[in-house]
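# quick one: sequence plus predicted model below, questions after.
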Amino acid sequence: MKNVLKWPSFMLVLILSLVLSGCSTGEESSSSGGSGGSTDAKGTIEQIKERGKLIAGVKYDTKLFGLKDPASGEVEGFDIDIAKALAKQILGDETKVELKEVTSKTRIPMLQNGDIDIIIATMTITDERKEQVDFSGVYFEAGQSLLVKNDSAITGLESLGGVKVLAVKGSTSAQNIREKAPDAEVLEFDNYQDAFTALKAGKGEALTTDNIILIGMQQTDNNYKLVGGNFTSEPYGMAIRKGDTAFVEEVNSLLKSMKDSGEYDTLHEKWLGSKPE
């Protein structure tokens, strides 16, 4: 008789254990999403306001657009000033911005993971990237070119047969050069600083990326020149998490107000030496 009574009790304990275990697993699943969990239900603007600062993904190695001064630790450039202007529009204070370093390879994953609110980092708008992120309107028009030593015999794409050309991982430049100069040997580096260092060390005979980035490199070392003109169109946009239309509209509103007020022209002249044409 005792064994008969114990069997239902054992079954009850087992059932309760399974139910409680199932509840616990469900809670862990819902909370383990990190920044991609409940915070994704909120728009980026709301997150920025609750946090009290804008987190912008910017380059640290791109003179004129985003370059970190090793002495002061300050990051300066055209993209940086646009990030500050966006912080001022949303939070009323341009200093309420955190600048996080991104590279061409890391920027989209960092945006998707919630590590940054926006990418402002010399990023070309492409159909392929539009599948992963949303873009603001174009804020700068660049074009791909080549940087070589002053005494180089390279004059353009037609000179690249059998030549080692340096590029940056995750950039449209690496893809473009393979298509336009299929006989070139393309070597890819993590960032522009490493690629330029490799060029100066003789690991390649040409470096390719957007003309305005190459101009920044040339300004640091006048032993190099740009050749071949611009052989692509590279419209820069700011990248935002997919589907956040409110934030896209906010950023486009900023661009319009900066252009209407003349602030955009002032920044363009400050960093790039002339007002936009």
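Arrived safely, thanks for sending. Numbering: from 1, shown residues only.
# contacting residues around stretch 244-256?
With contact meaning Cβ atoms under 8 Å, 6 or more residues apart in numbering, stretch 244-256 is reached by 43-45, 82, 85-86, 89-90, 117-118, 134-137, 139, 238, 240-241, 264. Placement of C-beta: from N, CA and C, glycine included.
# let's see 6 Å
By Cβ atoms under 6 Å, 6 or more residues apart in numbering, the surrounding residues in contact with stretch 244-256 are 43-45, 86, 89, 134, 136-137, 139, 238, 240.
# same question, stretch 159-175
Contact partners of stretch 159-175, identified using Cβ under 6 Å, 6+ apart, comprise 104-105, 124, 144, 177, 181, 183-190, 192, 195, 198-199, 204-209.
# before we move on, what about stretch 179-198?
If you take Cβ under 6 Å, 6+ apart as the criterion, stretch 179-198 is touched by 61-62, 103, 157, 160-161, 163-169, 174, 177-178, 204, 207, 217.
# show me those residues that map onto strands.
Counting by DSSP state E, the part of the contacts of stretch 179-198 found in strands is 61-62, 164-168, 207.
# mind listing the helices for the stretch 151-277 of the chain?
Per DSSP state H, counting those that start in this stretch, the stretch 151-277 of the chain carries helices over the ranges 172-180, 192-200, 211-220, 245-261, 263-272.
# residues contacting residue 127?
Counting by Cβ under 6 Å, 6+ apart, residue 127 makes contact with nothing.
# distance of it from residue 172?
Distance check for residue 127 against residue 172: by Cβ to Cβ, to the nearest Å, it reads 11 Å.
# ditto for residue 68
Taking Cβ to Cβ, one finds residue 68 at 23 Å from residue 172.
# got it, and residue 125?
Counting by Cβ to Cβ - residue 125 and residue 172 are separated by 10 Å.
# of the two, which one has the most company?
Legend: neighbour count by other Cβ atoms under 10 Å for residue 125 and residue 172, higher for residue 172 (21 against 18).
# pull out the buried members of the contacts of stretch 244-256.
For the contacts of stretch 244-256, a burial check counting by 16 or more other Cβ atoms under 10 Å picks out 43-45, 86, 89, 134, 136, 139, 238, 240.
# which members of the residues you listed are the farthest-apart pair?
43 and 139 (21.3 Å; Cβ to Cβ).
# mind listing what's buried along stretch 141-150?
142, 144-149.
# out of those residues, flag the one nearest to residue 275.
Among the buried residues of stretch 141-150, and counting by Cβ to Cβ, the member closest to residue 275 is residue 142, at 16.3 Å.
# can you tell me the element the residue nearest to residue 241 when sequence neighbours are not counted falls in?
Closest residue to residue 241 apart from its sequence neighbours, by Cβ to Cβ, 6 or more residues apart in numbering: residue 111 at 6.0 Å. Element membership for residue 111 (DSSP states H and E) is helix 107-112.
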